[in-house]
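> got a sequence here, can you build the structure:
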Amino acid sequence: MAEFALDPAFEGGSIAVGDLPLCHVRLQTDARWPWLILIPRRPGLREVEDVSAADRARLIEETVLAGQAVRAIGAATGFTVEKLNIGALGNVTPQLHVHVVGRRAGDAAWPGPVWGVGVAEAYEAEALEAAVAAVRGRLDI
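Residues are numbered from 1 along each chain as shown. Reported below is the predicted structural model:
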C-alpha cells in the first residue's frame, strides 16, 4: 500500500504545525488572515468522496477543531474572526486539503474569497510564533 506524501506545493506558502489523528495541520503564512490547512494523511486522496465514511466524519470533526484554532490565531494576533470560510478547492494543488480561514468585514478580500487577492503578507516573527502557539495550544499538538 502507498504511503501518505505531502504535495511539495504546500511547503511554499505554509508551515507545518502538527498532526491531528487524521490530518496534517499547516498554517498558511499570509498574515492577512488566520488560516489553517488540513491535509488528510491518506495516500491518493483528491476528493472528499475518496475518503472512507469513518474518515469523512473525522475530517468534519477536525475541521471544527481547526475553526476553533483559527479563532485562537485571531485572538493571538489581533484579528477578530467574525466568520469562518471552509473550502476544499484543489484546483491548483489536487491533493485533498481543506482550508479554514478566519474572516471579518473589511478584511483584504471582504466579502469575496481570499484566493488570488493581492500579495501575501509575511508574519512578523513574534506574530508567527504567537499564531503557531495558539494553534498548538488549542489543538493540543
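> every contact and neighbour count from this point should use C-alpha atoms.
OK.
> for Met1, give me the pLDDT.
At Met1, the model reports a pLDDT of 62.
> tell me which element Pro94 is part of?
Using DSSP states H and E, Pro94 maps to neither a helix nor a strand.
> which residue packs closest to Arg138, ignoring adjacent ones?
Distance criterion C-alpha to C-alpha, 6 or more residues apart in numbering; nearest residue to Arg138, sequence neighbours excluded, is Ala69 at 5.5 Å.
> give me the buried positions along stretch 132-141.
Val132, Ala133, Ala134, Val135, Arg136, Arg138, Leu139 (16 or more other C-alpha atoms under 10 Å).
> what of stretch 68-79?
Buried residues in stretch 68-79 (16+ other C-alpha under 10 Å): Gln68, Ala69, Val70, Arg71, Ala72, Ile73, Gly74, Ala75, Ala76, Thr77, Phe79.
> which ones are touching the last one?
If a contact means C-alpha atoms under 8 Å, 6 or more residues apart in numbering, then Phe79 has Trp33, Pro34, Ile73 as its contacts.
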